[in-house]
Each structure stands twice: as C-alpha cells, then as structure tokens.
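*Asks:* after the sequence you'll find the predicted model.
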Amino acid sequence: MTPSRPSISIITPSYSQAEYLGDALRSVSGQTYDGAVEHIVVDGGSTDGTVALLTALGTVTWVSEPDRGQSDALNKGFALASGDIIGWLNADDFYLEGAFQAVSDIFDRHPDVDVLYGDCTFVDGSGRYMRLKAEHKFSPFVLSYFGCYIPTTSTFFRGSLLDGGALRINEEYHYVMDFELFMHLSKSGVRFHWLPQTLAAFRWHEQNKSLDSAKRIAERMLVQDAYCIRPKSLIGRRVAYALARVIHVAMKFASGSLARQRNSAQLEGKSLLWWDRVRS
C-alpha cells in the first residue's frame, strides 16, 4: 500500500484582488497531487466581486470580513490550517505546475527540514513571464544584512511550526512581515532548505505593495534593530549590506542560479497560466 502524501494547506490573504484571485485559485486546484489539499482564503471584506467568485467555487474555505491588514489575515489563515505542509500564496500570485509534488518529495526526504523555499518567476499583470528569480542555499548572514532574498510565494512550512506559535506573523509590520518571520524562525534554530526549482510566479502590477520601496526599507531597518543585527553607524550599515550583497551574488553564481536566470530570457513574454493547457 502506497503511503499517503502529506496534507497541504494554502493560505491566501486577499483584499480587492478579484482581478487576479482566480489565477491563484486555479493554480492550487489544478495541481496533480495525490494528497489532501485545503485552500483557505482570508478576505478583508472586498466589494469587487471576490465574494461572488469564492461562493461560486464551493471548494475553498474562505472568510470575508474587515481585518487589520495582510498580516492579520495571514494569522487568521494559519489558525484555520490543518495541513502537514503550509504554503502562503498572495491573491495576485500563483503556483506553477507540479509545485506541490516537488515540495512534498523534499519534505519526505528531509524530515529535519522545517522551511522549504524554491525559486520564483516574475510575471506581468497578464501572467506573462518577465524574469527568473533564482536563489541559493540558506544564509543567515545574507538574510540578516542583505534582506529578505527568500521568495515568500515559493516558500512552504512544516505544519508542526504552528505548534507553540512559531509560524505567526508579527502584525506590527505591513511591508516586510515575511522578513521578520524568517528572521524569527532563523534565530529560533529552524532549518531552512533551498530547492533549485521554480515553484511559483510573483506578479508585478500597479497595486503591488513591493513598489513602495521607502516603506519597505524603513520597516526592514526596524526588524534589523529588533534582532540587534544592524551596526549603529551609517558606514557600518553600508559595509555590512555591501558585504552581504557580494556574498549573495557569489552564492547565486556558485549554485548556478545566475546562469539559470540568464538562460531563461528566452521565456520572456510567454504566458505561465498553465492550468488551461493541462486541462485541454
């Protein structure tokens, strides 16, 4: 008898993202995975058609009510999750074909791994390929001083991290809550593992929070202060960042990620909305 696959819970925080949410939903439901999958959408009370979309599906666990923002929504979703593996997929992003199978295989082969992250692609508003974001093995130094190089949309957590509250978003942060979470987990001794495979797509569009670089930088410095990892002097901070950036690039070169990014340019402009192709 074939052992059952680990169950997977996907948490999607959403607010006024009906234009893109359908892609996120289809990228989960379209996965060919022989384990249980639950998709939990926590919506902040949208009035743009999100509720109608979720109601029509009937296969998604969802709640739509006012909240305190993305971090609050994620914590609500984590509280509802029951999976052996937990994924965080924003409403405007989507998974690529075969992602769940690949993630499950790694967790099965590496029982000591608590956090798994892969690579991701950047796509435009229509889901067309822009560029590859390929990474490297986990480096606490690069994370601390360069910043959050780990693509959240390609990250999965072992469900046991929910026990004791290790997998919980600090709601003080609205732009770098992922960075704070990874810093917390890293300082707690959680083991990270990088999978050199593209697992998800990150969508760039006009409403993307990542475009507000000033607020992201300000919050990143607050996180660094909170974990006592930022040098006090301006020169010291700049030197630490520059060194971490050099190490980041060197690790990407050594892992072959820079070459993979360069070779992927041929995909530019290609649609990555794969589920319609698979079903046809």
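*Replies:* Structure received.

*Asks:* can you classify the residue nearest to G45 when sequence neighbours are not counted as helix, strand or coil?
*Replies:* With Cβ to Cβ, 6 or more residues apart in numbering as the criterion, G45 has its nearest non-adjacent residue at 4.6 Å, and that residue is P66. Any C-beta I mention is one placed from the backbone N, CA and C, and that applies to glycine too. For P66, the assignment made with DSSP: H, G, I helix; E, B strand; the rest coil gives coil.

*Asks:* surely P66 touches G44?
*Replies:* Yes. Using Cβ atoms under 8 Å, P66 makes contact with G44 at a distance of 6.3 Å.

*Asks:* more neighbours, these two?
*Replies:* Neighbours per residue (other Cβ atoms under 10 Å) separate P66 from G44, with G44 holding more: 21 against 9.

*Asks:* got a pLDDT number for the nearest residue to the more buried one once chain neighbours are set aside?
*Replies:* On the basis of Cβ to Cβ, 6+ apart, the spatially nearest residue to G44 that is not a chain neighbour turns out to be Y15, at 3.9 Å. For Y15, the pLDDT comes out at 93.

*Asks:* how many neighbours does Y15 have?
*Replies:* 18.

*Asks:* same check on K252?
*Replies:* K252: 18 neighbours (other Cβ under 10 Å).

*Asks:* what helix or strand is it located in?
*Replies:* helix 234-255 (DSSP states H and E).

*Asks:* C-terminal to that helix, which secondary structure element comes first?
*Replies:* helix 257-263.

*Asks:* for that following helix, could you pull out the residues that count as buried?
*Replies:* 257-258 (16 or more other Cβ atoms under 10 Å).

*Asks:* repeat for stretch 229-237
*Replies:* 229-230.

*Asks:* hey, C-alpha coordinates of it in CSV?
*Replies:* C-alpha atoms of stretch 229-237 as CSV (Å, rounded to 0.1, in the frame of the first residue of the first chain):
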residue,chain,number,x,y,z
ILE,A,229,21.8,42.8,13.9
ARG,A,230,22.3,46.3,12.4
PRO,A,231,25.5,48.2,13.1
LYS,A,232,24.9,51.5,14.8
SER,A,233,26.9,53.7,12.4
LEU,A,234,25.8,54.6,8.9
ILE,A,235,29.1,53.4,7.5
GLY,A,236,28.9,50.1,9.4
ARG,A,237,25.4,49.5,8.0
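
*Asks:* show me the contacts for L53.
*Replies:* 18, 21-22, 25 (Cβ atoms under 8 Å, 6 or more residues apart in numbering).

*Asks:* shaky segments in the stretch 51-200 of the chain?
*Replies:* Filtered on pLDDT under 70, the stretch 51-200 of the chain yields no residues whatsoever.

*Asks:* and the contacts of L53, which of them are in helices?
*Replies:* 18, 21-22, 25 (DSSP state H).

*Asks:* now the strands for this structure?
*Replies:* 8-14, 37-43, 61-64, 85-88, 94-95, 115-123, 129-133, 155-158, 192-203 (DSSP state E).

*Asks:* could you give the angle of the second one to strand 8-14?
*Replies:* It refers to strand 37-43. Per axes from the mean of the first three to the mean of the last three Cα atoms, to 10 degrees, the angle that strand 37-43 makes with strand 8-14 is 20 degrees.
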